[in-house]
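J.: Sequence plus the predicted model coming up.
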Amino acid sequence: MRTFLSAVLIALVALLVPASAVAYWADHELGSADRYTAAMSPLAENPAVQKVVVTQATRGLAGQIDAGPFQTGVEALLGEALSSFVGTPAYRTAWDATNRAAHAAFLKALTTGDGNAVTIDLEPVIAQVKEVLVEDGVPLADRIPVTHISVKVMEYDNLGALRKGFRMLQIAGIWLPVLTLVLAAAAIALAVHRRRAVIATGLGLAVGAALLGFAVALCRRLTLDDLPADIDRPAAEAVYDALTAFLRTTAWVVLAVGLAAALAAWLTGRLRRTP
């Protein structure tokens, strides 16, 4: 009976590993403005994301400047200026400020918000660009309005369905990972042969980590395949990978810990048998 209960607990541990990681990620990673900004910060140097920012900002700004017959030239000038600006430290600072401000909107989209899009407001970037262009004496730069220009980085037809799952994960938060550890300890404590139970628990953790890695990869494919045609796919891929980096790292860490524990327990048994 004890062996059976231990086996059941180990199976539960394997299933709870991916759920625990996702719950912690949703509550403590996506739910934190600092961690969210840190995850998105490297995207400031991603070429695909920079391309989207330049294209959307140029289109939005040019539409608000009436230059008459020189409109085409103004658009080209703005495009060149923005292309140069995205490689500067000022842009990276503005990008971080933009994402910190966007964090509240991101949480709203996944909790109580409406619509199916996750957007980033480029107002801080526009303010920085205008300041640089005015200082450089670029014609008509002072006429650039500092206004809200939203860029859609992700959009789904079923974002509403994801909100319920996200709320449940936030509720689970830290409690689901703690429960997983308690069940793992209980599985070992109940076992008749504890060394074997340690091996089985380690392998269960490894299986759970593999399930987590598979789930992240599968959700990546499904999410990107569900994007509308007007969303830049490379930029969306970069955003998804940045947001799920914690989950991929967790999968590798848990996999290593599980296999190491199983191997250590197995080696201990072999050494004890060696005359």
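T.: Here it is on my side, so go on. What you see is a predicted model; the values in this text were computed from it and never measured.
J.: just so I have it, where are all the strands in this protein?
T.: Taking DSSP state E as the criterion, the chain contains strands spanning 117-121, 150-155.
J.: which stretch in those strands is the model least sure about?
T.: Here the strands of the chain differ in mean pLDDT, and the lowest is strand 150-155 at a mean of 61.
J.: How about the contacts made by the residue nearest to Ala197 when sequence neighbours are not counted?
T.: Leaving aside its sequence neighbours, Ala197 sits nearest to Ala191 (C-beta to C-beta, 6 or more residues apart in numbering; 3.3 Å). For glycine as for every other residue, the C-beta is placed from the backbone atoms N, C-alpha and C. Counting by C-beta atoms under 8 Å, 6 or more residues apart in numbering, Ala191 makes contact with 2-3, 6, 197.
J.: distance of Ala191 from Thr201?
T.: From Ala191 across to Thr201, the span is 9 Å (C-beta to C-beta, to the nearest Å).
J.: for Leu169, same thing?
T.: Computed as C-beta to C-beta, the Leu169 to Thr201 distance reads 24 Å.
J.: When the two are compared, which one has more neighbours?
T.: Higher neighbour count among Leu169 and Thr201: Thr201, with 26 against 20, using other C-beta atoms under 10 Å.
J.: so that one sits right up against Ala184, yeah?
T.: Yes - when contacts are counted by C-beta atoms under 8 Å, Thr201 is listed as touching Ala184 (5.3 Å).
J.: and for these two, which residues touch both?
T.: In terms of C-beta under 8 Å, 6+ apart, Thr201 and Ala184 are both contacted by the residues 10, 13.
J.: For the nearest residue to Ala262 once chain neighbours are set aside, give me the pLDDT.
T.: Nearest residue to Ala262, sequence neighbours excluded (C-beta to C-beta, 6+ apart): Gly202, at 3.1 Å. Looking at Gly202, its pLDDT stands at 93.
J.: picking up where we left off before, from the contacts of Ala191, list the buried ones, please.
T.: Neighbour-count burial (16 or more other C-beta atoms under 10 Å) applied to the contacts of Ala191 gives 6, 197.
J.: Reformat the contacts of Ala191 into CSV and put distance to Gln50 and pLDDT next to each item.
T.: As requested, the contacts of Ala191 are exported to CSV (distance: C-beta to C-beta, whole Å; pLDDT from 0 to 100):
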residue, distance to Gln50, pLDDT
Arg2, 59, 77
Thr3, 58, 78
Ser6, 53, 86
Ala197, 52, 88
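J.: So which of the contacts of Ala191 are in helices?
T.: The helices, defined by DSSP state H, take in 2-3, 6, 197 from those.
J.: Just give the nearest non-adjacent residue to Ser41, would you?
T.: Nearest one to Ser41, counting by C-beta to C-beta, 6+ apart, is Asp96 at 5.6 Å.
J.: got the contact list for that neighbour?
T.: Asp96 touches 37, 40-41, 44, counting by C-beta under 8 Å, 6+ apart.
J.: From Val178, how far out is it?
T.: Distance, Asp96 to Val178, using C-beta to C-beta: 33 Å.
J.: The most centrally placed residue in the chain: what's it in contact with?
T.: When C-alpha atoms, centre = their mean is applied to the chain, the residue found nearest the centroid is Leu243 (0.8 Å). With contact set as C-beta under 8 Å, 6+ apart, Leu243 has these partners: 30, 39-40.
J.: how about the helices in the stretch 151-275 of the chain?
T.: Assigned by DSSP state H, counting those that start in this stretch, the helices in the stretch 151-275 of the chain fall at 159-172, 175-190, 194-225, 233-243, 245-273.
J.: Same list, the ones you listed, but as a markdown table with distance to Ala19 please.
T.: A markdown table is the format used below for the helices of the stretch 151-275 of the chain (distance: least, C-beta to C-beta, whole Å):
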| stretch | distance to Ala19 |
| --- | --- |
| helix 159-172 | 8 |
| helix 175-190 | 6 |
| helix 194-225 | 9 |
| helix 233-243 | 18 |
| helix 245-273 | 12 |
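J.: Out of these, which gets the lowest mean score?
T.: helix 159-172 (a mean of 70).
J.: For the stretch 1-150 of the chain, give me the ranges with low pLDDT.
T.: For the stretch 1-150 of the chain, the stretches flagged by pLDDT under 70 are 63-71, 74, 105, 109, 111-122, 125, 129, 133, 136-150.
J.: Using TSV, lay out the ones in helices among the contacts of Ala191 together with distance to Ala26.
T.: Below are those laid out as TSV (distance: C-beta to C-beta, whole Å):
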residue	distance to Ala26
Arg2	35
Thr3	35
Ser6	30
Ala197	31
